Each structure stands twice: as structure tokens, then as C-alpha cells.
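Enquirer: Have a look at this fold, sequence not included:
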């Protein structure tokens, strides 16, 4: 029998009104503008862009406002919006060596050309709450001194004259590049697909997996070859013109992780590499991503697969927080009929057990007589 | 800095113009349009449109290509009354900016007009961008670590 259930419409309408009222909070407090979120909650905006997989700070700030600051909800909103837009172009690969850096450090090479540039980092702050920020103060001005070269070489490549660090070689120009927005995830997944998956992946999930590799779940002994954050130009081929044009800058954070590798039957001992890249200032994400990228190269490098972070199917299938959140949260949807069926099943099983017990007790009683 | 500058000087000049126009805000473009001695007339060959560009990157910065994520992008193609075509591609969702870039691109195909637009719009935008870049670079350069080694007296 099919039973149509209606009656939630009024409740849903009122729930949305209540959500809107609660989102606004106390009306005596001024409302946040999208521009304020974009400018002053920028790391939150960056995470929404990276995992929402759309670079647009205004849209990400709007999504954060609508989601009341819930990052995963905001990421979901951005992913949903993205499906309404046509794909107009694929960019040329961005050139991170030509980045206009805001930060650039290496924990391997102290005296690298161009130097260690700390940039706007939380590192070396004492993590004490700054109550001065409770009051609106003057606009801070940072000190300027000196200049930077237009292009800072990737130190991992520059300081590799001995060839002790694995080199990254470009693929053929006509080789296909996997795209998870067009094709479902398939295994074995190439590094292109893995990196796209990890770039969109939940930061907390990657952080935990990366951490696990440091704690012994996958033999990795990582060093930060280089981390850099800053603006890179984006170039696209313009079909109407027949040549490429630079259409603007995006901010990205890149991490080049270097890992010890003991060598295998075919390979001499050397350092191998893991790569992390994310939109905006996203150092923790880029670092975690590079650890997991390296762990997922276990098969290619002939290492034993013993740890969760090395298991490509496990890692890649559970990395997306929009998918994960959807599947976990779908449990809230009405499962009334399913549950009724399960109830009937459990009642039947219990009745069967009770009957069987009664029968065996009767048999025992008979045997005893 | 564009990585792919054409060796053809005409194309290289157009690449430079489009790169700078794409970075001009809407108010700057509108002001330059209003400052032209005679307001140009144009028609749209391609309606202004907003969509996405998939941003490609390379593993390790130099290796295998992969898709990092998308970015918003707006574009427009216009033609002036004499049929000269101009294109506008800009980051983001401001279609008016894309259209104005296309108009200035079309106008700049004429050498005399190109000189006027260079003075009025392109050169000032280039100057402002260079200043902003230099100021930012100085602030970042001020965070450079100067290592020094402490001489210890053990031997």
C-alpha cells in the first residue's frame, strides 16, 4: 500500500523564517556585509573557495554569510552555484615560480636565493587572545623595506644539482587531464585525479591523514622543501584571437614536501616529493595535502601499502565533505517506512527465537520425564 | 607577468593591453569611456556572459598537469561601427567590465585611438599596478629573515 505523506510545507516555511531571523542575530548589533567578510574573514573565505572549488571571494563570502559561518554548508552552497555556470575555458597551467609572493619559506635550505620571507604569518605569535581587537582601532600599517625579485625560483629544483631530489617532469601537451567535475572517480586513479581530489578535499580530513603519516602510519620522513603563498597570473587561450591572454591574478598557497626514500630494486636512494596546492592563504591545507599526495604514491614507488593514508580508495572516496556530509546527513530524512519494515523484521525474529526456545524447553521437559 | 608573450609586436601589444584592462576596476573603465572625445558606438557580437574557467596547475609546480579548481570569468565580444572587433575577458562576474574591456580593445585597433587610450587608461593602470606591487613587495621584503651565527667561545 502506498501512503502519501503531506503536511510539512507550513512547518518548512516557518523553519526557514526562523533560520533567517537567527542568522541575523541580535538586530541591535550591526549587520555584517559581504565585503566585511571578504576582507576580514579572508582565511575562512579562502577555505570555502578551495573546497567549494570556485575561486570567487565575493561568492565565497556570501556563502559564508548565508551559512552563518558554517564552512561545510558554505562549501556546499558554492558547489551548487557552480553547477549553474557554463565552462568557458581551461587555463594554461599556472606558473607558481613566477608568483608575486607574500610568503616563502623553506625548512631545508636556510640560505636559499631570495631568502626566507615570513609574510603575514600566525607563526611566532604567542597565541594569546588580543583583547585590543575588541575595540575598533586605527588601521594598522606594515613597514616596507627593500624589494623583491619578479621571479623567485623553486628552491627544490634550484638546489638539486646533485639530483638527490626526484624531479617533476611535465606530461605530454596532448595527454588527457582527468577532471572529477566531468568524470566519476575511477581506480587506479592517476596523480592528476588524486591531486584534484585532494585539492577539493576537506581540510580536517587531510590534516588527520597527513598527521597519521607523521605518527608512523606510512613510513614518511617529511621536510618542507618550500612553502609559498601569493598571486599568480591566469592565462587562457582566447578563441576569437588565437593567442593567450592573462586575465587576472589568483592567490594560491603551494607546499613542496620532500620525503626520504630508501630506494627499491630499481631505484637508488633519493628524496621523493609530495605536492600541495590550494586557493588563497591555506598553508595547513597545502602541507597536509602534500603529505597525503606523497603517501598515495606508495604503489608507484614500490612501497608496502600498510597504512590508511596509502590506501587510494579509502582516502579518495571519503575526502569530499559535500559528499560525506550529504550521506551522513541524509539519515535525517524520513525513513519512516524503512524503519517500520525493520521493526516488523525484528519483531518476527524475536518471535521466531521465542518459539524455538519454547519448543526446545518442551523437548527438554519431555526428555526429563 | 605573462609567460607567453608573442614575438609578433602587434600581438604582444594587444596582450599587454588586455592584461592591463582585465585588471582595471569598473569605475576606472567607465571614467575612461566618459573621457573619450566622442562616445563610441558598438554592437555585441557575443552577449556578455559569466561562466567558469578550470584552473590548471602542475604537480610540484613543473610536473604533470592537474585541475586545481575553477574560477569565475566574464567575457564579451563587440564590434565597432566600422566592423573592428574587440574582446573582453575578465576574472569575476562583472559583465559590464568585460564589455568595456572589449570596447577599449576594439578602439585600440586604430593606431591614433590606441595612443589616446594608452595615455588615458592603459598607462595609468599599469603605473598603479606597478606601485601596488612595489608597495606590497616592500612590506613582504621587510619580513625577510636575516640569519646570523653566534660565535661561541668553546675553542
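Expert: Right, received. Where do you want to start? The structure displayed is predicted, hence computed values, not measured ones.
Enquirer: On the three-state scheme, residue B:44 is what?
Expert: Secondary structure assignment for residue B:44 (DSSP: H, G, I helix; E, B strand; the rest coil): strand.
Enquirer: Compute the distance between it and residue B:24, please.
Expert: 20 Å (CB to CB, to the nearest Å). Quick note: C-beta positions are derived from backbone N, CA and C, even for glycine.
Enquirer: in the stretch 1-150 of chain A, which spans are helices?
Expert: A:9-24, A:34-40, A:42-52, A:57-66, A:71-82 (DSSP state H, counting those that start in this stretch).
Enquirer: Dump the ones you listed to a markdown table, plus mean neighbour count, mean pLDDT and distance to residue A:366.
Expert: What follows is the helices of the stretch 1-150 of chain A, written out as a markdown table (neighbours: other CB atoms under 10 Å in any protein chain shown; pLDDT from 0 to 100; distance: least, CB to CB, whole Å):
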| stretch | mean neighbour count | mean pLDDT | distance to residue A:366 |
| --- | --- | --- | --- |
| helix A:9-24 | 10 | 95 | 59 |
| helix A:34-40 | 15 | 98 | 79 |
| helix A:42-52 | 25 | 98 | 68 |
| helix A:57-66 | 23 | 98 | 72 |
| helix A:71-82 | 20 | 98 | 63 |
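Enquirer: In TSV: the ones you listed, plus distance to residue A:123.
Expert: Listed next are the helices of the stretch 1-150 of chain A as TSV, based on distance: least, CB to CB, whole Å:
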stretch	distance to residue A:123
helix A:9-24	34
helix A:34-40	21
helix A:42-52	14
helix A:57-66	24
helix A:71-82	22
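Enquirer: Identify whichever of those helices lies nearest to residue A:296.
Expert: Of all the helices of the stretch 1-150 of chain A, it is helix A:42-52 that lies closest to residue A:296, at 18.4 Å by CB to CB.
Enquirer: near chain B, anything from the closest one?
Expert: Yes. Judged by CB under 8 Å from any CB of the partner chain, helix A:42-52 comes into contact with chain B through A:49-50.
Enquirer: Among residue B:44 and residue B:24, which residue is more densely surrounded?
Expert: Set side by side, residue B:44 and residue B:24 show more neighbours around residue B:24, with 24 against 12, by other CB atoms under 10 Å in any protein chain shown.
Enquirer: quick one, phi/psi of the residue of the stretch 251-369 of chain A found nearest chain B?
Expert: Relative to chain B, the nearest point of the stretch 251-369 of chain A is residue A:275 (5.0 Å; CB to the nearest CB). Taking degrees, to the nearest 10, you get phi -130, psi 140 for the backbone angles of residue A:275.
Enquirer: Quick check: it touching residue B:66?
Expert: No. Counting by CB atoms under 8 Å, residue A:275 stays clear of residue B:66, with 9.1 Å between them.
Enquirer: For those two, list the residues in contact with both.
Expert: Common neighbours of residue A:275 and residue B:66, using CB atoms under 8 Å, 6 or more residues apart in numbering or on different chains, are A:195, B:59.
Enquirer: any idea how far residue A:17 is from residue B:16?
Expert: 53 Å.
Enquirer: for residue A:14, same thing?
Expert: Distance, residue A:14 to residue B:16, by CB to CB: 57 Å.
Enquirer: Repeat that for residue A:75.
Expert: Applying CB to CB, the value for residue A:75 to residue B:16 is 37 Å.
Enquirer: Neighbours of residue A:179, how many?
Expert: Counted with other CB under 10 Å, residue A:179 comes out at 15.
Enquirer: Give me the pLDDT value at it.
Expert: On pLDDT, residue A:179 comes in at 97.
Enquirer: Just give the closest residue to it, not the sequence neighbours.
Expert: Closest residue in space to residue A:179, ignoring its immediate chain neighbours: residue B:67 at 5.2 Å, by CB to CB, 6 or more residues apart in numbering or on different chains.
Enquirer: Bridge partners for that neighbour, pull those for me.
Expert: Beta-bridge pairing for residue B:67 (DSSP bridges): residue B:56.
Enquirer: And the pLDDT for it?
Expert: 98.
Enquirer: Report how many residues lie close to it.
Expert: Using other CB under 10 Å, residue B:67 has 24 neighbouring residues.
Enquirer: Then the one 10 residues further on?
Expert: Counted with other CB under 10 Å, residues neighbouring residue B:77 total 24.
Enquirer: Next: the one 5 residues further on.
Expert: By the criterion of other CB under 10 Å, residue B:82 has 8 neighbours.
Enquirer: Output the below-cut-off pLDDT ranges for chain A.
Expert: Chain A contains residues with pLDDT under 70 at A:1-6.
Enquirer: Can you check which helix is longest in it?
Expert: Secondary structure of chain A per DSSP state H: the longest helix is helix A:336-368.
Enquirer: Packing partners of that one?
Expert: Helices and strands touching helix A:336-368, as assessed by 3 or more CB pairs under 8 Å, 6 or more residues apart in numbering or on different chains; DSSP states H and E, are absent.
Enquirer: That helix: which residues count as buried?
Expert: Residues of helix A:336-368 include none that count as buried (16 or more other CB atoms under 10 Å in any protein chain shown).
Enquirer: how far does it sit from the chain's center?
Expert: Distance of helix A:336-368 from the chain centroid (CA atoms, centre = their mean, to the nearest Å) equals 49 Å.
Enquirer: Just want the most central residue of chain B.
Expert: The residue lying closest to the centre of chain B (CA atoms, centre = their mean) is residue B:19, at 2.7 Å.
Enquirer: Surely that one and residue A:246 touch.
Expert: Yes. Counting by CB under 8 Å, residue B:19 does reach residue A:246; the two are 4.2 Å apart.
Enquirer: Look at residue A:325 and give its secondary structure.
Expert: helix.
Enquirer: contacting residues around the closest residue in space to it that isn't next to it in sequence?
Expert: Among residues not flanking residue A:325 along the chain, residue A:72 sits closest, at 5.4 Å (CB to CB, 6+ apart). With contact taken as CB under 8 Å, 6+ apart, residue A:72 is in contact with A:202, A:321-322, A:325.
Enquirer: Could you export those as CSV, including neighbour count?
Expert: Listed next are these as CSV, based on neighbours: other CB atoms under 10 Å in any protein chain shown:
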residue, neighbour count
A:202, 22
A:321, 21
A:322, 20
A:325, 15
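Enquirer: hmm, back to that, out of the helices of the stretch 1-150 of chain A, which is closest to residue A:329?
Expert: For residue A:329, the closest of the helices of the stretch 1-150 of chain A is helix A:71-82, at 9.8 Å, according to CB to CB.
Enquirer: Between helix A:57-66 and that closest one, find me the angle.
Expert: On the basis of axes from the mean of the first three to the mean of the last three CA atoms, to 10 degrees, helix A:71-82 is oriented at 130 degrees to helix A:57-66.
Enquirer: can you give me how far the top helix by length along chain B is from the chain middle?
Expert: Taking DSSP H as the criterion, chain B has its longest helix at helix B:123-141. Centroid displacement of helix B:123-141 relative to its chain, using CA atoms, centre = their mean, is 14 Å.
Enquirer: Stretch A:281-301 now?
Expert: That offset, for stretch A:281-301, works out to 11 Å (CA atoms, centre = their mean).
Enquirer: buried stuff in it?
Expert: Quick answer for stretch A:281-301 (16+ other CB under 10 Å): A:281-298.
Enquirer: give me every residue that touches the residue lying closest to residue A:163 once chain neighbours are set aside.
Expert: The shortest distance from residue A:163 to any non-neighbouring residue, by CB to CB, 6+ apart, is to residue A:270 (7.8 Å). Residue A:270 makes contact with A:163-166, A:261, A:263, according to CB under 8 Å, 6+ apart.
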